[in-house]
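> Following is a predicted model, sequence given first.
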Amino acid sequence: MIGKLSNVEVRIWYNHHDKNIINKIDKSLSIKEQAIQAHSLRNKYRMQARKLMRDRKLAKHLDINNYNLPFEYYENKYLNQGYNNNSLYEKILDASTRSNKMVNKKLGIV
């Protein structure tokens, strides 16, 4: 399937995997470790989705302009928004399973 799927097909694939991140993480881990695991899975699925894209030009554009940010970026982002302790990591967990609504809308996916 590498390089074979349309943008819509890839987005459907990505959304399915993105929504299932919460079911893939190890709930026996600390909330921080769960957030790290969720963040890692999301980045993995984003990279896999780009490999599946038939539109290689767009995939390259996304790699350059919408690259995967490190976990620490999100820790700092949410710390600056006033989150701390468990609420910080719960926020990262939540964000890891939420896809971009504007991209979905643009592709006609509701």
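It's in.

> Which helix or strand in the chain has the lowest average pLDDT?
helix 101-106 (a mean of 88; mean pLDDT, DSSP states H and E).

> Show me what it is packed up against.
Under the contact definition 3 or more Cβ pairs under 8 Å, 6 or more residues apart in numbering; DSSP states H and E, helix 101-106 sits against helix 7-19. In this view, the C-beta of every residue, glycine as well, is placed from N, C-alpha and C.

> Following element in sequence after the helix it packs on, please.
Scanning the chain past helix 7-19 towards its C-terminal end, the next helix or strand to appear is helix 21-24 (assignment: DSSP states H and E).

> Just the element for the most centrally placed residue in the chain, please.
Of all residues in the chain, the one closest to the mean position by Cα atoms, centre = their mean is residue 42, 3.5 Å from it. Taking DSSP H and E as the definition, residue 42 sits inside helix 31-52.

> how near is the residue nearest to residue 42 when sequence neighbours are not counted to residue 2?
Distances taken as Cβ to Cβ, 6 or more residues apart in numbering place residue 96 nearest to residue 42, at 4.6 Å, with adjacent residues excluded. Spatial separation of residue 96 from residue 2 under the definition Cβ to Cβ, to the nearest Å is 24 Å.

> Brilliant, that's me finished.
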